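> No letters, just coordinates:
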């Protein structure tokens with residue numbers, strides 16, 4: 001079976017969350033309307049202090065994912081995989097300690113396969129390309145997950161130039177490319193402040 005690129009991709013997150021200044025924004029008290037987010041540039045590490053969680057999901061045919069990563073889809077691939085669907089879910093948690101100048105957290109990637117010939121190839125897929133240290137397999141969902149903990153490491157003002165914060169200081173956005181996720185995700189990933 002042709003080697004899959006799935007867990008062969010090394011996802012090293014550039015944990016540089018950045019928040020910017022700007023005003024605290026209007027609370028819209030007495031109104032059910034919520035202002036759309038307005039994004040600002042980074043001004044202070046202190047604005048990132050706390051726990052931030054980001055989620056990303058995307059679903060495409062396996063053929064589309066395969067071709068998007070520079071591979072050529074052949075008639076042999078079609079015979080092996082059929083019209084299989086691949087869903088990628090990414091969960092990211094960052095804990096920023098501004099006083100200590102550190103960041104930590106975890107990243108979890110889950111790949112879920114459906115349709116096509118997944119029932120025929122699942123055993124080979126999970127025992128071959130999806131087999132590896134730290135990978136959790138769920139046979140009932142045809143999914144594989146990998147969670148990596150991020151130990152506390154230095155985090156400074158110099159790491160703040162790749163993200164933006166909303167007017168309320170409750171959300172941070174970063175481009176997938178700046179997080180090292182360009183092969184898996186597109187556009188921006190939004191992080192919501194948890195605490």
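Thanks, I have it. Given the structure is predicted, the values throughout are model-derived calculations rather than measurements.
> how many other residues sit next to the residue lying closest to residue 84 once chain neighbours are set aside?
Closest residue to residue 84 apart from its sequence neighbours, by C-beta to C-beta, 6 or more residues apart in numbering: residue 116 at 2.9 Å. Backbone N, C-alpha and C define where each C-beta goes, glycine included. By other C-beta atoms under 10 Å, 19 other residues sit near residue 116.
> Likewise for residue 96?
24.
> cool, residue 179 as well?
The burial count for residue 179: 26, using other C-beta under 10 Å.
> quick one on the thing from earlier: isn't the residue nearest to residue 84 up against residue 85?
Yes - between residue 116 and residue 85 there is a contact under C-beta atoms under 8 Å: 6.9 Å.
> Can you work out which residues contact both of the two?
Shared contacts of residue 116 and residue 85, defined by C-beta atoms under 8 Å, 6 or more residues apart in numbering, are found at residue 62.
> just to revisit the earlier point, for the residue nearest to residue 84, list the residues it contacts.
62, 81, 82, 83, 84, 85.
> quick check, it in a helix?
No - when classified by DSSP: H, G, I helix; E, B strand; the rest coil, residue 116 is found to be coil rather than part of a helix.
> measure it to residue 62 for me?
7 Å (C-beta to C-beta, to the nearest Å).
> Pull up the overlap in contacts between those two.
81, 84, 85.
> ok, the first one - contacts?
Taking C-beta under 8 Å, 6+ apart, we find residue 81 in contact with 62, 63, 116, 117, 121.
> Quickly check these for the two that are furthest apart.
Spatial extent of the contacts of residue 81 (C-beta to C-beta) is set by the pair 63 and 121 at 14.3 Å.
> give me the beta-bridge partners of residue 150?
For residue 150, the residues forming beta bridges with it (DSSP bridges) are residue 105.
> host element of residue 191?
When elements are assigned from DSSP states H and E, residue 191 belongs to strand 188-193.
> could you point out where the protein is predicted with low confidence?
Under the criterion pLDDT under 70, the flagged ranges of the chain are 1-33.
> Okay, helices next: where are they in it?
Here the chain has its helices, by DSSP state H, at 62-68, 75-81, 118-127.
> what's the closest of these to residue 180?
helix 62-68 (16.4 Å).
> and the closest one, what other elements does it pack with?
helix 75-81, strand 85-97 (3 or more C-beta pairs under 8 Å, 6 or more residues apart in numbering; DSSP states H and E).
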